[in-house]
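**Q** Sharing a sequence plus its predicted fold:
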Amino acid sequence: MHILVPTGIFHPEPGGPATYLYRFLPELQARGHTVEVITFGEGQPDIYPYPVTRIPRTTIVERNWRYYRAVKEKLPHADVVFINSLGIPLPYIKQPTVLKVVGDRAWERAVNRGWVPPTEDIDHFQTARYGPRVNFVKRSRSNEARRADYVIVPSHYLRQMVIGWGVPAERVKTIYNAVEPNELLPDPVSRQSLNLPDTPLLLTPARLTAWKGVDVTLRAIASLSDVMLVVAGDGPMFNFLQRQVAELELSERVRFLGKISHSELVKYYQVADYTLLYSGYEGLSHVILESLNTGTPVIASDKCGNPEIVQDGYNGFLAPYPEVEALRATILRAFEGDTPQRLRQNPLLDVQKFAWSRMVEETIATLEQQFSR
């Protein structure tokens with residue numbers, strides 16, 4: 001079976017979809033299938049055991065036309081098309097198509113363009129009526145999903161969302177994201193080696209966008225004089241958050257690492273008391289999976305797919321979103337007595353539910369079923 005994989009981003013660019021494909025595609029090859037990737041991006045060394053076509057991000061019209069032509073050229077050789085992004089320019093496809101949906105691109109675009117405020121609740125967004133631009137991108141993403149023969153999503157939350165877009169329930173399957181075996185088992189490190197104090201320590205790894213809730217996190221810890229926050233990542237909110245830290249006089253207790261390698265991030269997982277991801281929008285967070293797999297409990301918002309991973313009081317805590325006081329109270333609860341140490345003694349991640357082998361087998365079975373139907 002030859003599988004064509006159109007996507008918006010691919011390794012070595014950061015982001016969950018890019019990393020997922022980079023790790024998953026060799027599993028297809030190991031089972032005798034061939035794959036080919038088409039993505040936006042600049043030219044990279046040919047380090048992959050399969051063809052990768054990159055379409056430079058020039059003007060919108062030019063890059064979309066070149067992407068469309070590249071897909072159309074390669075379609076005759078494909079048995080199945082595994083689409084990994086919404087909103088990419090695709091021609092008519094007669095082969096079976098499987099679409100992976102990891103979020104609501106319409107909501108992301110509306111927030112990024114300023115058409116709706118970043119505090120707009122994503123659940124409310126699904127059914128609310130807006131102006132012509134927002135309603136157009138909502139219709140477009142729903143039509144894309146309905147055109148696919150089958151849709152896979154990484155959480156039950158997203159499954160219900162996609163069904164709400166008009167995709168029949170029998171064509172939508174939840175396949176949970178997973179962390180590769182032994183992916184996060186490096187040699188132990190100490191806080192001293194990372195120049196970190198022996199105080200309550202929170203880690204937030206995130207692309208710094210408005211919906212990640214880092215601004216709320218800063219306000220929540222402002223009155224918690226002994227709590228330190230380390231932020232790993234960059235993004236459009238970076239400068240705003242640095243100014244907020246100065247205004248709240250948190251410079252001594254908040255450290256911005258910027259973009260760091262994955263191997264460096266794992267060291268911070270190891271030494272943190274909790275990973276804190278107070279996001280209003282997560283399909284199923286790979287950050288949470290990584291943290292729990294490393295042995296570090298999580299403080300997360302109660303939104304989207306987070307409650308499917310985090311069991312409040314067992315492997316972490318869930319805080320209502322977006323409420324500064326609720327998050328502050330949750331942080332205080334998380335550091336009561338020996339709570340951080342006690343939570344670490346629990347098996348933090350459901351090994352079977354989020355097993356890499358399970359995710360691989362279910363995804364490949366779905367692709368093979370669509371090919372043979």
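**A** Sure, I can see it. Numbering: from 1, shown residues only.
**Q** Using CSV, write out every CA atom in stretch 346-366.
**A** Extracted in CSV, the C-alpha atoms of stretch 346-366 (Å, rounded to 0.1, in the frame of the first residue of the first chain):
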residue,chain,number,x,y,z
ASN,A,346,1.1,6.7,41.7
PRO,A,347,1.3,5.1,38.2
LEU,A,348,0.7,8.5,36.6
LEU,A,349,0.0,7.3,33.0
ASP,A,350,-2.5,4.6,31.9
VAL,A,351,0.1,2.5,30.1
GLN,A,352,-2.4,0.6,28.0
LYS,A,353,-4.6,3.5,27.1
PHE,A,354,-1.7,5.6,25.9
ALA,A,355,0.6,2.9,24.6
TRP,A,356,2.7,3.7,21.5
SER,A,357,2.1,0.2,20.1
ARG,A,358,-1.7,0.5,20.5
MET,A,359,-1.7,3.9,18.7
VAL,A,360,0.4,2.5,15.9
GLU,A,361,-1.7,-0.6,15.4
GLU,A,362,-5.0,1.2,15.5
THR,A,363,-3.9,3.9,13.0
ILE,A,364,-2.4,1.4,10.6
ALA,A,365,-5.5,-0.8,10.8
THR,A,366,-7.7,2.2,9.9
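**Q** list the buried ones in it?
**A** Using 16 or more other C-beta atoms under 10 Å as the test for burial, stretch 346-366 gives 348, 349, 354, 355, 356, 359, 360, 363, 364, 366. Bear in mind the C-beta positions are built from the backbone N, C-alpha and C, glycine included.
**Q** Residue 244 is in what secondary structure piece?
**A** helix 238-247 (DSSP states H and E).
**Q** Can you give me the buried ones in that helix?
**A** For helix 238-247, by 16+ other C-beta under 10 Å, it's 238, 241, 244, 245.
**Q** In a markdown table: the residues you listed, plus distance to residue 251 and pLDDT.
**A** Below are the buried residues of helix 238-247 laid out as a markdown table (distance: C-beta to C-beta, whole Å; pLDDT from 0 to 100):
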| residue | distance to residue 251 | pLDDT |
| --- | --- | --- |
| 238 | 15 | 96 |
| 241 | 12 | 98 |
| 244 | 11 | 98 |
| 245 | 6 | 98 |
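**Q** CSV for those residues, including distance to residue 168?
**A** As requested, these are arranged in CSV below (distance: C-beta to C-beta, whole Å):
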residue, distance to residue 168
238, 42
241, 42
244, 45
245, 48
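**Q** quick check, nearest of those to residue 301?
**A** residue 241 (17.3 Å; C-beta to C-beta).
**Q** and residue 271, what does it touch?
**A** 189, 190, 191, 194, 196, 201 (C-beta atoms under 8 Å, 6 or more residues apart in numbering).
**Q** if we go to 6 Å?
**A** residue 191 (C-beta atoms under 6 Å, 6 or more residues apart in numbering).
**Q** Now do it against residue 195, distance only.
**A** 11 Å (C-beta to C-beta, to the nearest Å).
**Q** Check residue 95 too.
**A** Using C-beta to C-beta, residue 95 is found at 54 Å from residue 195.
**Q** higher neighbour count, these two?
**A** Neighbour count, other C-beta atoms under 10 Å: between residue 95 and residue 195, residue 95 has more, with 17 against 7.
**Q** give me the number of residues near residue 100?
**A** 24.
**Q** picking up where we left off before, looking at the buried residues of stretch 346-366, which are in helices?
**A** 356, 359, 360, 363, 364, 366 (DSSP state H).
**Q** Tell me if I'm right that the first one and residue 180 touch.
**A** Yes - at 4.9 Å, residue 356 and residue 180 qualify as touching, with contact defined as C-beta atoms under 6 Å.
**Q** Which parts of the stretch 201-350 of the chain are helices?
**A** Remark: helices assigned in the stretch 201-350 of the chain by DSSP state H, counting those that start in this stretch are 214-221, 238-247, 262-271, 286-294, 324-334, 339-344.
**Q** Give me the distance from stretch 73-81 to the chain's centre.
**A** 28 Å (C-alpha atoms, centre = their mean, to the nearest Å).
**Q** Other residues contacting that stretch?
**A** Contacts of stretch 73-81 (C-beta under 6 Å, 6+ apart): 1, 2, 3, 4, 93, 95, 96, 97, 367, 370, 371.
**Q** With adjacent residues omitted, what lies nearest to residue 236?
**A** Leaving aside its chain neighbours, residue 236 sits nearest to residue 209 (6.3 Å; criterion: C-beta to C-beta, 6 or more residues apart in numbering).
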